[in-house]
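Asker: only the shape, not the letters, is given here:
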């Protein structure tokens, strides 16, 4: 696992387009890099198998995107990516991590629960969907900060 390089954005956008019906564009990934977000890739034999994007500001982290190539689902790669993003949030001294997930994605919801995330709300009509819009489940993970001496 390592930071995303700008020249890899087309590969990441292509993976995103294979994995999601309403994918991010190359421009969105470039904007994330330009903004200084934590953009990481999971690579094996020079092939990008997955990626994650995390923003951190004002003591809060937000998982903006996590994706594993469909052919690599069910192998623990999503968990590895999420653990890296959580570690980065801790390194940046975030007190909590937020994310949104589609209710129609039960595998992701289960993963987030096993990592300690809890549902804290809903965002109505957040995601584009084949038949209109889909709500987002908002989840949060509280990060315990070590006590100062």
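Answerer: Cool, the structure landed. None of the values given here were measured: they were computed from a predicted structure. Numbers count the residues shown, from 1 in each chain.

Asker: wouldn't residue 133 be in contact with residue 127 here?
Answerer: Yes. Between residue 133 and residue 127 there is a contact under CB atoms under 8 Å: 6.5 Å. Every C-beta, even on glycine, is put in place using the N, C-alpha and C of the backbone.

Asker: those two: who's more crowded?
Answerer: Higher neighbour count among residue 133 and residue 127: residue 127, with 18 against 11, using other CB atoms under 10 Å.

Asker: let me see the contact set for that one.
Answerer: Listed by CB atoms under 8 Å, 6 or more residues apart in numbering, the contact partners of residue 127 are 22, 102, 133-136.

Asker: would TSV of those residues with secondary structure and distance to residue 90 be doable?
Answerer: Shown next, in TSV, are these (DSSP: H, G, I helix; E, B strand; the rest coil; distance: CB to CB, whole Å):
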residue	secondary structure	distance to residue 90
22	coil	31
102	coil	26
133	strand	34
134	strand	31
135	strand	29
136	strand	24
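
Asker: biggest separation within these, which pair?
Answerer: 22 and 135 (14.5 Å; CB to CB).

Asker: which one's more surrounded, those two?
Answerer: Set residue 22 next to residue 135 and count neighbours by other CB under 10 Å: residue 135 wins out with 16 against 11.
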